[in-house]
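A.B. asks: Need coordinates for the below:
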Amino acid sequence: MIKKKSRNWIPVVTALMKKGDSVLLGLRPTGFNLAGYWEFPGGKMEPGETPQESLKRELQEELGIEATIGQIKLTATHFYGATGILLLFFDVPYWKGEPKTVHHSGLKWVKIKDIPNEKLPEANHLVLDQILEALDPGGRIRAGSEDSEKKQEFIDKNSKSNS
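C.D. replies: Alright, predicted model coming up:
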């Protein structure tokens with residue numbers, strides 16, 4: 001009998017907050033995992049929360065806003081070592097208040113077409129085409145061949161350094 005390796009899974013909820021043709025990114029602060037990377041706001045689910053309740057709480061804690069959580073747009077998985085991350089990307093169509101840097105070192109609105117140029121966590125880079133599609137369904141923004149080459153270079157570089 002082959003013994004299967006047990007993995008820990010962390011469910012993470014993520015906000016896709018659009019303003020026109022831009023999306024909100026937060027800079028991970030010093031002292032946290034992935035410090036210096038730009039991320040979509042959100043965080044870990046707590047026991048007993050639905051994904052929507054969790055994202056609403058995270059956006060209040062991280063950005064100081066009250067948000068309306070819309071439809072789930074994308075799910076993805078990724079492993080950082082032995083830890084599995086289940087990413088749940090939700091549309092956040094409305095919010096009250098202006099997002100503030102409560103948790104992040106910085107916030108910025110990035111043109112959707114420019115997202116591939118940002119320093120994003122590996123888990124986001126690997127599903128970048130799907131994220132762009134979720135932000136612009138059927139649309140005008142796609143990761144072109146140049147962006148796909150950048151993504152492949154990123155994957156190649158990180159698969160070698162993680163081996």
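A.B. asks: Ala134 - that's part of a helix, no?
C.D. replies: Yes: per DSSP: H, G, I helix; E, B strand; the rest coil, Ala134 lies within a helix segment.
A.B. asks: and stretch 41-57, how far apart are its ends?
C.D. replies: 11 Å (C-alpha to C-alpha, to the nearest Å).
A.B. asks: Any chance you could list what contacts that stretch?
C.D. replies: By C-beta atoms under 8 Å, 6 or more residues apart in numbering, the residues outside stretch 41-57 that reach it are 10-15, 17, 24-26, 58-59, 61-63, 66-67, 69, 72, 88, 90, 92, 99, 104. C-beta coordinates here come from the backbone N, C-alpha and C atoms, glycine included.
A.B. asks: Show me the residues you listed that map onto strands.
C.D. replies: For the contacts of stretch 41-57, membership in strands holds for 10-15, 24-26, 66-67, 72, 88, 90, with DSSP state E as the criterion.
A.B. asks: Need the distance between the two termini of stretch 101-112.
C.D. replies: Using C-alpha to C-alpha, one end of stretch 101-112 lies 21 Å from the other.
A.B. asks: Show the pLDDT at the spatially most central residue of the chain.
C.D. replies: Nearest to the mean C-alpha position of the chain, by C-alpha atoms, centre = their mean, lies Phe40 at 4.1 Å. In the predicted model, Phe40 carries a pLDDT score of 96.
A.B. asks: Next one: it from Arg7, what distance?
C.D. replies: To Arg7, Phe40 is 23 Å away according to C-beta to C-beta, to the nearest Å.
A.B. asks: remind me which residues of this protein are low pLDDT?
C.D. replies: The chain contains residues with pLDDT under 70 at 1-6, 139-163.
A.B. asks: and if we set it to 50?
C.D. replies: 142-148, 160-163 (pLDDT under 50).
A.B. asks: so what's the residue lying closest to Ser22 once chain neighbours are set aside up against?
C.D. replies: With C-beta to C-beta, 6 or more residues apart in numbering as the criterion, Ser22 has its nearest non-adjacent residue at 4.0 Å, and that residue is Trp109. Neighbour list for Trp109: 19, 22-25 [criterion: C-beta under 8 Å, 6+ apart].
A.B. asks: mind redoing it with 6 Å?
C.D. replies: 19, 22, 24 (C-beta atoms under 6 Å, 6 or more residues apart in numbering).
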